[in-house]
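Novice: This is a predicted model, with the sequence first.
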Amino acid sequence: MAEKEVKGYYMCVVCGYLYKPEKGDPGRNIPPGTPFEELPDTWCCPVCGTPKKRFKFVE
């Protein structure tokens, strides 16, 4: 199965952490391949704890 090509990432506006769908967030049981839009609303930045709604899309 071919993976979807990533055209950009979502960045935490507080600390600059980039959520990369191809890596997921193993520390929070988010498997690789999980699109940002499918993260639970309770997900937050693993570095600084900023809520998901404070991330912005960057290319």
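Specialist: Looks like it arrived, so ask away. Residues are numbered from 1 along each chain as shown.
Novice: who's F55 bridged to?
Specialist: C12 (DSSP bridges).
Novice: what number of residues lie near it?
Specialist: For F55, the neighbour count with other Cβ atoms under 10 Å is 22. In short, each C-beta sits where N, CA and C put it, glycine included.
Novice: Quick check: it vs C48, distance?
Specialist: Between F55 and C48 the distance is 11 Å, computed by Cβ to Cβ, to the nearest Å.
Novice: wait, doesn't V47 sit right on Y19?
Specialist: No: judged on Cβ atoms under 8 Å, V47 makes no contact with Y19 at a distance of 10.5 Å.
Novice: Need the overlap of contacts for F55 and C48.
Specialist: Taking Cβ atoms under 8 Å, 6 or more residues apart in numbering as the criterion, F55 and C48 both touch C12.
Novice: for stretch 27-41, the distance to its chain's centre please.
Specialist: Computed by Cα atoms, centre = their mean, to the nearest Å, the chain-centroid distance of stretch 27-41 equals 7 Å.
Novice: can you tell me the distance between the two ends of that stretch?
Specialist: Using Cα to Cα, to the nearest Å, one end of stretch 27-41 lies 16 Å from the other.
Novice: Going by neighbour count, which residues of it are buried?
Specialist: I30, T34, F36, L39 (16 or more other Cβ atoms under 10 Å).
Novice: Let's test this: mean pLDDT of that stretch, rounded?
Specialist: Averaging pLDDT along stretch 27-41 yields 97.
Novice: hang on, W43 packs against R28?
Specialist: Yes: taking Cβ under 8 Å as the definition, W43 is a contact partner of R28 at 6.8 Å.
Novice: pretty sure K52 contacts P46?
Specialist: No: the criterion here is Cβ under 8 Å, and K52 misses it with P46 at 11.4 Å.
Novice: okay, and the common contacts of the two?
Specialist: Counting by Cβ under 8 Å, 6+ apart, nothing touches both K52 and P46.
Novice: Backbone dihedrals for the residue positioned nearest the centre of the chain, please?
Specialist: What sits nearest the mean C-alpha location of the chain, by Cα atoms, centre = their mean, is Y19, with 3.0 Å. Y19 adopts backbone torsions of phi -80, psi 120, taken as degrees, to the nearest 10.
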